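> Sequence first, predicted coordinates after that:
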Amino acid sequence: MVHPLSVENITVAYHKKPVLHEVSFTVPEGKLIGIIGPNGAGKSTLIKTILGLVPKASGTIEFFGSTYKKQIKRIGYVPQRGTVDWDFPTNALDVVTMGRYGHIGWMKRPKKEDIEIAKACLQKVGMLEYADRQISQLSGGQQQRVFLARALAQDADLYFMDEPFVGVDAATEKAIITLLNELKERGKTVLVVHHDLQTVKEYFDWVLLLNMRVIAYGKTEEVFNLDNLQKTYGGKLAFLKERPALAREK
């Protein structure tokens with residue numbers, strides 16, 4: 001079976017200091033997969049390495065049984081909002097239309113059809129009325145919705161989202177998870193770097209617990225438990241023990 005993503009023995013080091021050590025996992029098709037772990041665990045680095053934005057020291061990565069370059073049109077990426085230059089002089093519609101460049105080609109102008117697709121994606125995330133608004137004038141939640149619309153415009157089969165719920169209001173978070181479930185229903189596969197342990201069981205089918213290496217990986221109901229969380233977070237998890245959602249875990 002050809003999987004959307006296969007990662008084998010990925011090792012990454014910054015200034016000779018290991019950040020990820022022999023990380024391996026295979027992603028099933030049509031699932032929402034959460035990547036969780038403490039700060040500094042390498043979650044964002046993992047996604048960036050997979051996408052070729054950070055060099056790896058060793059290991060192999062396959063997308064649908066092939067290379068990233070050959071499958072790039074099938075891959076979408078929503079970066080952390082804090083890494084984006086929001087002062088860049090462009091409006092929301094232009095940002096979303098950029099998601100069509102894999103279909104258009106970088107040196108070609110978008111067609112009317114591409115503009116209409118971009119508008120439909122803005123409508124999908126409740127942002128069409130802000131199409132002409134400069135992105136720096138949008139709130140954090142609105143900016144995140146625009147970037148989700150851009151990912152939708154790509155019409156990818158495999159999506160990577162780096163902390164899409166950070167800094168958004170409750171309405172935006174609900175809109176995002178609704179959108180992710182719609183993508184899943186269409187057979188899309190989505191990997192999400194996530195920080196809120198209380199929503200993991202509600203949001204994700206599978207979960208990858210990471211702390212420089214894979215602590216556990218599999219179906220959420222099988223691997224998201226207190227024992228694996230303690231192994232992942234160590235003493236940093238102590239304050240969560242009293243919370244009912246985790247206290248019930250065996």
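Received the coordinates, thanks. Residues are numbered from 1 along each chain as shown.
> Next, count neighbours for K108.
The number of residues packed near K108 is 10, by other Cβ atoms under 10 Å. In this view, the C-beta of every residue, glycine as well, is placed from N, C-alpha and C.
> Next one: it from Y101, what distance?
Taking Cβ to Cβ, to the nearest Å as the criterion, K108 is separated from Y101 by 8 Å.
> and for the two, which residues touch both?
In terms of Cβ atoms under 8 Å, 6 or more residues apart in numbering, K108 and Y101 are not both contacted by any residue.
> ok, and the closest non-adjacent residue to A151?
G76 (4.3 Å; Cβ to Cβ, 6 or more residues apart in numbering).
> Test of understanding: give the bridge partners of the one you found.
Legend: beta-bridge partners of G76 under DSSP bridges are Y159.
> L46 reaches M212, doesn't it?
No - taking Cβ atoms under 8 Å as the contact criterion, L46 and M212 are not neighbours in contact, 9.9 Å apart.
> which stretches of the protein form strands?
Counting by DSSP state E, one finds strands in the chain at the ranges 5-14, 17-27, 32-36, 58-63, 75-78, 158-162, 189-193, 206-210, 214-219.
> which one of these lies closest to D94?
For the strands of the chain, distance to D94 was read as Cβ to Cβ. The smallest value, 16.7 Å, belongs to strand 75-78.
> Would you format the strands of the chain as JSON lines with mean pLDDT, mean neighbour count and distance to F88 included?
As requested, the strands of the chain are arranged in JSON lines below (pLDDT from 0 to 100; neighbours: other Cβ atoms under 10 Å; distance: least, Cβ to Cβ, whole Å):
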{"stretch": "strand 5-14", "mean pLDDT": "95", "mean neighbour count": "17", "distance to F88": "27"}
{"stretch": "strand 17-27", "mean pLDDT": "94", "mean neighbour count": "17", "distance to F88": "29"}
{"stretch": "strand 32-36", "mean pLDDT": "97", "mean neighbour count": "24", "distance to F88": "28"}
{"stretch": "strand 58-63", "mean pLDDT": "96", "mean neighbour count": "16", "distance to F88": "28"}
{"stretch": "strand 75-78", "mean pLDDT": "89", "mean neighbour count": "22", "distance to F88": "16"}
{"stretch": "strand 158-162", "mean pLDDT": "94", "mean neighbour count": "23", "distance to F88": "19"}
{"stretch": "strand 189-193", "mean pLDDT": "97", "mean neighbour count": "25", "distance to F88": "23"}
{"stretch": "strand 206-210", "mean pLDDT": "98", "mean neighbour count": "24", "distance to F88": "31"}
{"stretch": "strand 214-219", "mean pLDDT": "97", "mean neighbour count": "17", "distance to F88": "36"}
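> Need the overlap of contacts for L46 and M212.
L20.
> Looking at those two, which has the bigger crowd around it?
When L46 and M212 are compared for neighbours, L46 comes out ahead with 28 against 20, by other Cβ under 10 Å.
> Report pLDDT for the more buried one.
The per-residue pLDDT reported for L46 equals 96.
> Quick one: the strands of the chain as CSV, columns for distance to A170 too.
As requested, the strands of the chain are arranged in CSV below (distance: least, Cβ to Cβ, whole Å):
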stretch, distance to A170
strand 5-14, 31
strand 17-27, 29
strand 32-36, 19
strand 58-63, 34
strand 75-78, 19
strand 158-162, 18
strand 189-193, 17
strand 206-210, 22
strand 214-219, 27
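> among these, which is nearest V125?
strand 75-78 (11.6 Å).
> got the contact list for the closest one?
Contacts of strand 75-78 from elsewhere in the structure, counted by Cβ under 8 Å, 6+ apart, are 47, 51, 63, 68, 99, 147-148, 150-151, 154, 156-162, 164.
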